[in-house]
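Colleague: Just need the structure, nothing else, for what follows:
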Amino acid sequence: MIRAQLLRAALELVTQGGTQAVTLEAVASLAGVTKGGLQHHFRSKQLLLDALFEEMNRQFVDSFHEHIANDPDAHGREARAYLRAMVASPASDQENRGLRTLIGSMMVEPELRERWNCSWQEDLKLGPGDVSPQDINAIICRLATDGLWLADLLEDKGMGPEVRAAVIRRLEELTRE
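Modeller: Numbering: from 1, shown residues only. Here you go, the predicted model:
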């Protein structure tokens, strides 16, 4: 429970002022715990930010696997699950702002990019050998999904909701071809 309070406080600080706004003192104060209480769970700012990123990643992984489990059609299941987990049900505004900040940090800090490399991406990689047309469709779907997610994250207003919904439907169709 205290760990969750600390992560919520860290997310709030990240959304308000970026990773630089996250200090152990500020998180402890916002969460209503002592700095020692915080350090019982997270010994450093980096461990706290790592845990925040891992928690946000875990939520995605859970959603991804839930979509896989609920899809009776094995053909293209992983690509559809990725699409649904990434863009069909976007995160809350606060989570999006937090993700935007964390992803932005990854773009400019190679160490963070290396630290936060998402292991779930292994589920989407193709094995060695020939790439089938279905594999190409899955790759196209994944790249387009990443683009939709990034547009959502950056609050891109260039595409209306009707067009966005049509793009998602078309990507779903592509996973079944």
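Colleague: Quickly note the distance from residue 32 to residue 4.
Modeller: 13 Å (CB to CB, to the nearest Å). Where you see a C-beta, it was placed from the backbone N, CA and C, and this is true even at glycine.
Colleague: which element is residue 101 on?
Modeller: Taking DSSP states H and E as the definition, residue 101 sits inside helix 93-108.
Colleague: Check which element follows that helix along the chain.
Modeller: helix 110-115.
Colleague: So for the lengthiest helix in the chain, what gets flagged as buried?
Modeller: If you go by DSSP state H, the chain has its longest helix at helix 45-69. The neighbour-count check on helix 45-69 (16 or more other CB atoms under 10 Å) flags 45, 48-49, 51-53, 56-57, 60-61, 63-64, 67-68 as buried.
Colleague: gap between that helix and the chain center?
Modeller: Distance, stretch centre to chain centre, for helix 45-69: 7 Å (CA atoms, centre = their mean, to the nearest Å).
Colleague: Point out where the protein drops to low pLDDT.
Modeller: Counting by pLDDT under 70, the chain shows low-confidence ranges at 88-91, 118-130.
Colleague: Give me the buried positions along stretch 80-100.
Modeller: Result for stretch 80-100 [16+ other CB under 10 Å]: buried residues 80-88, 91, 96-100.
Colleague: hmm, which two among those residues are most spread apart?
Modeller: 80 and 97 (27.3 Å; CB to CB).
Colleague: where does the nearest residue to residue 55 once chain neighbours are set aside land in three-state SS?
Modeller: Using CB to CB, 6 or more residues apart in numbering and skipping the chain neighbours, the partner closest in space to residue 55 is residue 7 (5.5 Å). Classification of residue 7 by DSSP: H, G, I helix; E, B strand; the rest coil places it in helix.
Colleague: Many thanks, I have nothing further to ask.
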